[in-house]
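A.B. asks: coordinates only, sequence not included:
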């Protein structure tokens, strides 16, 4: 071991006292550094920013929470992939995978009345240093053609809360709405973003989770309309008509009549106003959730699963996530960039980088529709654009690829 002189190894101290040797060394050091920089500049593309430590996430769908054993198995797999964040679904279809009196208990938990899956995940994940985000489906309320067994479920008790289509007459029950939407190959019945009582209820549900559980993050999903022709329920129609003098149904189904009355240019302004109005109903809820999050100490990270293309998300689904990301309403956006096509994946990613700051993106990569090597290739592609954070969808399909970590090295 080298002897130290004045806190430094003797050979270093001796060298630093010799001016001639020091000069020769400095010149050699500079020449070596220049040669190294020139070599690296030919290998590294100009557009690649410095990467920070990866945030490696994985979505965990609610059925994994049915038992302690299935949760433990999930956590073991997450550790094997060095996952840093688990996004755990605790509200799926208007139900709860945690202790609450505000929403019906998930049906698969009815035989375990004392089991609190969210509390258990937080306890077990904390031992391995994995962060847990409470994943809540916001507007999607029910999708099963069979009605829930709990008659207190909002799909049964609060059918007036549901978002309506401009194409079909008002349905009598919530289950009628479910069957209509499923018949159109849509996920199920959605809550109307404009219904005041429904909005208060959703904020109460979200606020309770934030108060009762020390989650590292709150993750919002299905915070959008079912489709571009939904959002035509009575509260939306009346609110828009009060402000603009015409119903959105008239814009869609009697455009010639509106043009005859107001003129083409005013008609176009009304169409743009309707697009903005639909978005604003959801923006108001996101803003309120942001306030709830900021009241917590420490404040959890607020994230959202979003459609992968900002323009389509806004126009068709009222999901104005580009605006939310750019105005500080969200901490992270998780684009569901689930295509198995490499070129489409990277093209979408480049567009996102033009729309929102790089640090906002936490990229969703699918493992259910492609091989583990294909998913890994997309994550490696992301790195060439300076994106380090990814989240796998989902645990259920990713577990078929235990070698995924090695593919990413």
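C.D. replies: Thanks, I have the structure now. Nothing here was measured: the structure is a model prediction, and the numbers come from that model.
A.B. asks: which stretches of the stretch 1-150 of the chain form helices?
C.D. replies: 10-16, 19-43, 68-80, 117-127 (DSSP state H, counting those that start in this stretch).
A.B. asks: Any idea which of the ones you listed has the lowest pLDDT on average?
C.D. replies: Lowest mean pLDDT within the helices of the stretch 1-150 of the chain: helix 10-16, at a mean of 33.
A.B. asks: Strands of the chain, start to end?
C.D. replies: Taking DSSP state E as the test, the strands found in the chain are 4-5, 8-9, 56-60, 85-91, 131-137, 140-142, 189-190, 217-221, 301-306, 332-335, 363-366, 390-393.
A.B. asks: Mean neighbour count, those: which tops it?
C.D. replies: Mean neighbour count (mean count of other CB atoms under 10 Å) peaks for strand 189-190 among the strands of the chain, with a mean of 29. (C-beta placed from N, C-alpha, C; glycine too.)
A.B. asks: Adjacent strands (with direction) for it?
C.D. replies: Here strand 189-190 is paired, per DSSP bridges, with strand 140-142 (antiparallel).
A.B. asks: which residues are contacting the strand it pairs with?
C.D. replies: When contacts are defined by CB atoms under 8 Å, 6 or more residues apart in numbering, strand 140-142 is touched by residues 93-94, 148, 153-155, 161-162, 174-175, 178, 187-191, 221-222.
A.B. asks: domains for this structure, by residue range?
C.D. replies: Domain assignment for the chain by automatic domain parsing gives 1-44, 56-407.
A.B. asks: and the ones you listed, which is most packed in?
C.D. replies: domain 56-407 (a mean of 18).
A.B. asks: Ends of that domain, what's the gap?
C.D. replies: End-to-end distance of domain 56-407: 14 Å, with CA to CA, to the nearest Å as the criterion.
A.B. asks: returning to what we had before: go through the strands of the chain and name the closest to residue 272.
C.D. replies: For the strands of the chain, proximity to residue 272 was assessed by CB to CB; strand 301-306 is nearest, at 21.8 Å.
A.B. asks: Strand partners (parallel or antiparallel) of the closest one?
C.D. replies: Strand 301-306 sits in its sheet next to strand 217-221 (parallel), strand 332-335 (parallel), going by DSSP bridges.
A.B. asks: Need those in CSV (columns: distance to residue 407 and mean pLDDT).
C.D. replies: Listed next are the strands paired with strand 301-306 as CSV, based on distance: least, CB to CB, whole Å; pLDDT from 0 to 100:
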stretch, distance to residue 407, mean pLDDT
strand 217-221, 26, 98
strand 332-335, 21, 98
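A.B. asks: how about these in JSON lines, adding distance to residue 383?
C.D. replies: Output for the strands paired with strand 301-306, formatted as JSON lines (distance: least, CB to CB, whole Å):
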{"stretch": "strand 217-221", "distance to residue 383": "23"}
{"stretch": "strand 332-335", "distance to residue 383": "16"}
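A.B. asks: Quick one, which of these gets closest to residue 304.
C.D. replies: strand 217-221 (4.6 Å).
A.B. asks: can you pull the contacts of residue 152?
C.D. replies: residue 104.
A.B. asks: could you measure it against residue 344, distance?
C.D. replies: Distance from residue 152 to residue 344, counting by CB to CB, to the nearest Å: 43 Å.
A.B. asks: show me the contacts for residue 235.
C.D. replies: 192, 194, 195, 196.
A.B. asks: and of the residues you listed, the nearest to residue 373?
C.D. replies: The nearest one, if we look at those relative to residue 373 and count by CB to CB, is residue 192, at 43.0 Å.
A.B. asks: Report the separation between the closest residue to that closest one other than its chain neighbours and residue 195.
C.D. replies: Leaving aside its sequence neighbours, residue 192 sits nearest to residue 163 (CB to CB, 6 or more residues apart in numbering; 4.4 Å). The gap separating residue 163 from residue 195 is 9 Å, by CB to CB.
A.B. asks: Can you pull the residues that touch both of those two?
C.D. replies: residue 233.
A.B. asks: okay, and the helix or strand of the protein with the least pLDDT?
C.D. replies: The helix or strand of the chain with the poorest confidence is helix 10-16; it has a mean of 33 (mean pLDDT, DSSP states H and E).
A.B. asks: biggest helix in the chain by residues?
C.D. replies: helix 264-294 (DSSP state H).
A.B. asks: How far does that helix sit from its chain's centre?
C.D. replies: 20 Å (CA atoms, centre = their mean, to the nearest Å).
A.B. asks: Quickly list what residue 142 is bridged to.
C.D. replies: residue 189.
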